[in-house]
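Novice: Model the following, please.
(2 chains, ligands or ions: 3)
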Protein chains: 2
Amino acid sequence: MIRVVLVEPEGEYNIGFVARLCKNFLVDELYIVNPRANISEAFRFSAGGREILEKAKIVNTFDKAINDVDIKIATSSIADNNGDILRKSIRPWEILPLIQGKKIALIFGRESVGLTREEIFKCDFLLYIPANPSYPVLNLSHAVGIVLYEIWKNRELLTNPQTSTISD
Amino acid sequence: MIRVVLVEPEGEYNIGFVARLCKNFLVDELYIVNPRANISEAFRFSAGGREILEKAKIVNTFDKAINDVDIKIATSSIADNNGDILRKSIRPWEILPLIQGKKIALIFGRESVGLTREEIFKCDFLLYIPANPSYPVLNLSHAVGIVLYEIWKNRELLTNPQTSTISD
Ligand SMILES: Nc1ncnc2c1ncn2[C@@H]1O[C@H](CSCC[C@H](N)C(=O)O)[C@@H](O)[C@H]1O
Ligand SMILES: Nc1ncnc2c1ncn2[C@@H]1O[C@H](CSCC[C@H](N)C(=O)O)[C@@H](O)[C@H]1O
Ligand SMILES: Nc1ncnc2c1ncn2[C@@H]1O[C@H](CSCC[C@H](N)C(=O)O)[C@@H](O)[C@H]1O
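Specialist: Numbers count the residues shown, from 1 in each chain, chains lettered A, B, ... in the order given. Ligands and ions are numbered 1, 2, ... in the order given. Predicted coordinates:
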């Protein structure tokens, strides 16, 4: 079971795009902690993910979005190369093996300031999407898309190793 | 050398986000064929990719965006399971082996109607990002992000197979 958690998102386009991505990659639940943007504006960007946004659970504390899941994965555009390690750092393709049969939350931070240290500290892992070291900060919904794609793909390759087509 | 080509994009946010993604994943060139949105509005979404957007090459025909590259990869949300195969279908992780030392164009279609059959016919491969079969249509810039991430990641894993961290 996969839950996507957006913590205090600020852009209505990001909220809408994330709902669409949840539909594109069959996410089970979308939780939004204290949205800072107008959810009704977000529908303009949700396309086929409209229903996901209608059903999204809006909660008013971080804890309410994570306290009933087995594994909590925070995300950050800062890799752990400075010695200040709060949580084990993982990469997107390392998620799937962690979640077999478990309830997991994938947690994404504010556009402006990301997740707080306190929020990261409440999680089990810190996920970093590898990117240009001189500018690794992705837009929020693009980070969500990449993580969901990677889980979807690895699941598909696991079920059907012949998904590769180049050698047909 | 990687060039991203957007064909008649309609949303200024998509143009801006793609410029940002080109910076996140170190793309060499951004070409835009007949933009249907206001480029000056797109800067609001380009963040650290501002310079990429300033340097983007605006051309008025599809051919001008592709005629000087070695390999042309079209993209579509429709996989080739209907017998109507114009071009060999590939998946995102199959791109890297094709491009070693070559100049390639990754070509993305209109938000409303994608690429035309004529445009796809001018390309060497047709790339499909695997997603929910009942709703595989990603938003344009999210499709771009996933493809660029996959190339970046495979390149990094090739250079440094120890990028995996879970087993540390
Ligand atoms: N495993 C880990 N990986 C990356 N950063 C870690 C880390 N453990 C601790 N940190 C530190 O915790 C801080 C993250 S706090 C949040 C930073 C930012 N708002 C963001 O979300 O991107 C960083 O300054 C980093 O130095
Ligand atoms: N390279 C990357 N890896 C993992 N998550 C990323 C990412 N780039 C962006 N994100 C996600 O997108 C959110 C908004 S980007 C936050 C940027 C902010 N300036 C900061 O200091 O942290 C982040 O909190 C994280 O959830
Ligand atoms: N699953 C997927 N795989 C590959 N490219 C995709 C994709 N989903 C969206 N795209 C890209 O995003 C662009 C806009 S989506 C276009 C949708 C349009 N209704 C159509 O009929 O095609 C597409 O042209 C393609 O470049």
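Novice: Got phi/psi on A:K88?
Specialist: Dihedral angles of A:K88 (phi, psi; degrees, to the nearest 10) stand at phi -60, psi 130.
Novice: for A:V7, that is, sorry about that
Specialist: Torsion angles, degrees, to the nearest 10, at A:V7: phi -100, psi 110.
Novice: Which secondary structure elements does the top helix by length along chain A sit against?
Specialist: Longest helix in chain A, counting residues (DSSP state H): helix A:140-159. Here helix A:140-159 touches strand A:2-7, helix A:12-24, helix A:96-99, strand A:104-108, helix B:12-24, helix B:140-159, going by 3 or more C-beta pairs under 8 Å, 6 or more residues apart in numbering or on different chains; DSSP states H and E. C-beta coordinates here come from the backbone N, C-alpha and C atoms, glycine included.
Novice: And for A:A37, the neighbour number?
Specialist: Burial measure for A:A37: 18 neighbouring residues, criterion other C-beta atoms under 10 Å in any protein chain shown.
Novice: Could you do A:E12 as well?
Specialist: For A:E12, the count of nearby residues is 20 (other C-beta under 10 Å).
Novice: For it, give me its contacts.
Specialist: By C-beta atoms under 8 Å, 6 or more residues apart in numbering or on different chains, A:E12 lies in contact with A:A37, A:N38, A:I39, A:E41, A:A42, A:R44, A:F45.
Novice: of all the residues in chain A, which ones are close to ligand 2?
Specialist: With the criterion set to C-beta under 6 Å from any ligand atom, chain A comes near ligand 2 through A:75-77, A:108-109, A:111, A:113-115, A:127-129, A:131, A:136-138, A:140, A:143.
Novice: Now the residue of chain A found nearest ligand 3: closest residue in space, sequence neighbours ignored.
Specialist: Closest contact between chain A and ligand 3, by C-beta to the nearest ligand atom, is at A:N24 (7.6 Å). Nearest residue to A:N24, sequence neighbours excluded (C-beta to C-beta, 6 or more residues apart in numbering or on different chains): B:A131, at 4.7 Å.
Novice: What is the three-state secondary structure of that neighbour?
Specialist: coil (DSSP: H, G, I helix; E, B strand; the rest coil).
Novice: Next one: A:P97 from A:E51, what distance?
Specialist: 30 Å (C-beta to C-beta, to the nearest Å).
Novice: picking that back up, can you turn the buried subset of the contacts of A:E12 into a selection I can paste into ChimeraX?
Specialist: Those of the contacts of A:E12 that count as buried under 16 or more other C-beta atoms under 10 Å in any protein chain shown are selected in ChimeraX with:
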select /A:37,39,42,45
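Novice: Go through the contacts of A:E12 and name the one nearest B:K153.
Specialist: A:F45 (26.4 Å; C-beta to C-beta).
Novice: Please name the nearest non-neighbouring residue to the closest one.
Specialist: A:F45's closest residue in space is A:G16 (C-beta to C-beta, 6+ apart), at 2.7 Å.
Novice: ditto for A:V137
Specialist: A:V137 sits nearest to A:S77 (C-beta to C-beta, 6+ apart), 4.3 Å away.
Novice: From A:N132, how far out is that neighbour?
Specialist: Taking C-beta to C-beta as the measure, A:S77 falls 11 Å from A:N132.
Novice: quick revisit: which among the residues of chain A next to ligand 2 count as buried?
Specialist: Among the residues of chain A next to ligand 2, those classed as buried by 16+ other C-beta under 10 Å are A:75-76, A:108-109, A:111, A:114-115, A:127-129, A:131, A:136-138, A:140, A:143.
Novice: Isn't A:A79 up against A:P136?
Specialist: Yes. If you go by C-beta atoms under 8 Å, A:A79 and A:P136 touch, sitting 7.4 Å apart.
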